[in-house]
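Q: Starting from these lines, generate the structure:
(one chain, ligands or ions: 2)
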Amino acid sequence: MGEHIPALITDLPGAILRWAPGFLDRDQADRLLRQLRNEIPWEQHHVRLFGRSHPAPRLSCWVGDAQARYRYSGTLFEPRPWTPALSALRNRLNDLLGAGFNSVLANLYRGGADGMGWHADDEPELGPDPLIASLSLGAPRRFLLRSRDRRQRAELLLTHGSLLLMEGATQQHTQHSLPKTARPSGERINLTFRRIVNATPPGARGVR
Ligand SMILES: O=C(O)CCC(=O)C(=O)O
Ligand SMILES: [Fe+2]
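A: Ligands and ions are numbered 1, 2, ... in the order given. Down below sits the predicted model:
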């Protein structure tokens, strides 16, 4: 899948990555950032850490087809309906990748104090070898990957209009994070398109 998007070679065993820094040109990316900022009903989600609930350091919205329910960090998400810009993008990615994406997690990082901790997108409802398409808009932010044994690490700057694909057994062998930064940072929106394969998720794993 996505063979026309160049492979990204790292030292990480088991990671299959593809990377298109110029997936959207600047005008397209600027327009999409504005649309999504206004169009998505941004929500404060919570993460569960050692049995306690904390506000996540970002705003989020889970969007998808009605049957694409998803459980993560201990919460069951009923997807919000597709917005015009998200729906157009989903169709474009499905045409390009043949991926059958039926949902997207949108995250809004308001500044450097927002981020996402180490995790893998390995929820059972994504199936064993999920394809995840990650589109970034707005302020560039560092994205880290590490092997499960933490011996190898890779780093990427996720720039405005870039597309990163994580495929195959990547989620089984690696984790990723978006570290907070003390440097001043503007707003950033990230979209991770996913395909939920079973309608009723059996349980939660991982904490972000
Ligand atoms: O914001 C990012 O680039 C990462 C988002 C992510 O890992 C996720 O939504 O699972
Ligand atoms: Fe993730």
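
Q: okay, CA-based contacts and neighbour counts for the rest of this
A: Fine.

Q: quick one, phi/psi of whatever residue of the chain ends up closest to ligand 1?
A: With Cα to the nearest ligand atom, the shortest gap between the chain and ligand 1 falls at residue 190, namely 4.8 Å. Main-chain dihedrals, residue 190, degrees, to the nearest 10: phi -120, psi 140.

Q: Assumed residue 36 was part of a strand.
A: No - counting by DSSP: H, G, I helix; E, B strand; the rest coil, residue 36 is located in no strand; its state is helix.

Q: tell me the secondary structure for the nearest residue to it once chain neighbours are set aside?
A: Excluding its sequence neighbours, the residue lying closest to residue 36 (Cα to Cα, 6 or more residues apart in numbering) is residue 85, at 7.0 Å. Here residue 85 is helix, with the state taken from three-state DSSP.

Q: Isn't residue 22 up against residue 161?
A: Yes - counting by Cα atoms under 8 Å, residue 22 sits close enough to residue 161 to count as a contact (6.1 Å).

Q: And stretch 146-164, end to end?
A: End-to-end distance for stretch 146-164: 16 Å, by Cα to Cα, to the nearest Å.

Q: For the chain, what lies in contact range of ligand 1?
A: 105, 121, 178, 190, 192 (Cα under 6 Å from any ligand atom).

Q: Same list (these) but as a markdown table, adding secondary structure, neighbour count and distance to residue 54.
A: Below are those laid out as a markdown table (DSSP: H, G, I helix; E, B strand; the rest coil; neighbours: other Cα atoms under 10 Å; distance: Cα to Cα, whole Å):
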| residue | secondary structure | neighbour count | distance to residue 54 |
| --- | --- | --- | --- |
| 105 | strand | 16 | 19 |
| 121 | coil | 22 | 20 |
| 178 | strand | 18 | 18 |
| 190 | strand | 23 | 21 |
| 192 | strand | 21 | 22 |
